[in-house]
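A.B. asks: after the sequence you'll find the predicted model.
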Amino acid sequence: MSAVTPATRRPRGRTLRAAAGRTGQYAALLCYLAFLAFPLLWLISTSFKSPQELGSIDPTWIPREPSFDNYRAAFDAQPLLRSALNSLLVAGSAALIAVAIAVPAAYVMVRNRSRVTRAGTGWVLISQMFPFVLIIIPLFLVLRNLHLIDSLPGLVMVYVVWNLPFSLWMLRGFVKAVPLSLEEAAAVDGASRLRTLGSVVLPLLVPGVVATLMFSFVTAWNEFFFALVLLKSPENQTMSVILTHFIGAEGAADLGPLAAAAVLATLPSLLLFSLLQRRLAGGMIAGAVKG
């Protein structure tokens, strides 16, 4: 029987410490995921509870008798489908327009370094510090002169302006990551700047474009303040504004239908993320291969 030497103990000790470290990391990750998922799970659970169960002083994690009554009541009380279509149209249009403008603008800001581009970069950063209340009055006056108050195109214009600085700043980092040697090789082959942007740079920006689209869409979908001030007609109101109609004048809320409507308002963002996540991973792999 061979004796166990200190040399044979050390690797085993390191293995145990490594296993304990991995276990701690997994436990921390599970706790973080539970922390993030708890509000959504509680919201879904609330949407299936009866009024008696919601009014009970003993809260339950899982509904005793789950039903879709709250969802039916939410659709009967407010035009959820129409407001969801309005939000989808406004958020999708604003995200697409903002990214379409931000891609060439970010390319110019990175590749053409001058005082103008540096001033533009500084203005992008400064504009993100403006509070909503500071700019709502000038925006209201501009839209009123353009006859775009209480209209979805006017709200799209506001969201494009609001999302453009973030889109520019986000895509600027992705453009910087594109090797300049690829553009130089395209220039040697006779490609113009516009052809280089469309054929060489843009395919490598797919991960950044997809991520920027996703964040711009979610920002416009969840935005409340501009939609509340600029939209007055019930047929033009977005989902975020319709949710406030479930709260009474004295602050009393019908929790069941409100939770059901909030779940429906959350689904598009979750579906968009689940769909674009695969495209984002595919775009990263394609960009790495082309680079």
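C.D. replies: That came through fine. Residues are numbered from 1 along each chain as shown.

A.B. asks: phi, psi of the closest residue to Ile242 other than its chain neighbours?
C.D. replies: Nearest non-adjacent residue to Ile242, counting by C-beta to C-beta, 6 or more residues apart in numbering: Ser83, 4.2 Å away. Every residue, glycine included, has its C-beta placed from N, CA and C. Here the main-chain torsion angles of Ser83 (degrees, to the nearest 10) amount to phi -70, psi -40.

A.B. asks: list the contacts of Ser83.
C.D. replies: Neighbour list for Ser83: Gln237, Thr238, Met239, Val241, Ile242 [criterion: C-beta atoms under 8 Å, 6 or more residues apart in numbering].

A.B. asks: domains in the protein, as residue ranges please.
C.D. replies: Domains of the chain are assigned by automatic domain parsing as 6-47, 70-290.

A.B. asks: what about the first one, average pLDDT?
C.D. replies: Averaged over domain 6-47, pLDDT sits at 75.

A.B. asks: go through the domains of the chain and find the least confident stretch.
C.D. replies: domain 6-47 (a mean of 75).

A.B. asks: on that earlier part again, distance of the residue nearest to Ile242 from Leu125?
C.D. replies: Computed as C-beta to C-beta, to the nearest Å, the Ser83 to Leu125 distance reads 34 Å.

A.B. asks: how about Trp162?
C.D. replies: Trp162 is 15 Å from Leu125, by C-beta to C-beta.

A.B. asks: neighbour count for these two, which is higher?
C.D. replies: Trp162 (22 against 10; other C-beta atoms under 10 Å).

A.B. asks: dump the residue contacts of that one.
C.D. replies: Thr219, Glu223, Phe226.

A.B. asks: just among these, which is most surrounded?
C.D. replies: If you count neighbours using other C-beta under 10 Å, the busiest of those is Glu223, which has 23 neighbours.

A.B. asks: done for today, thanks.
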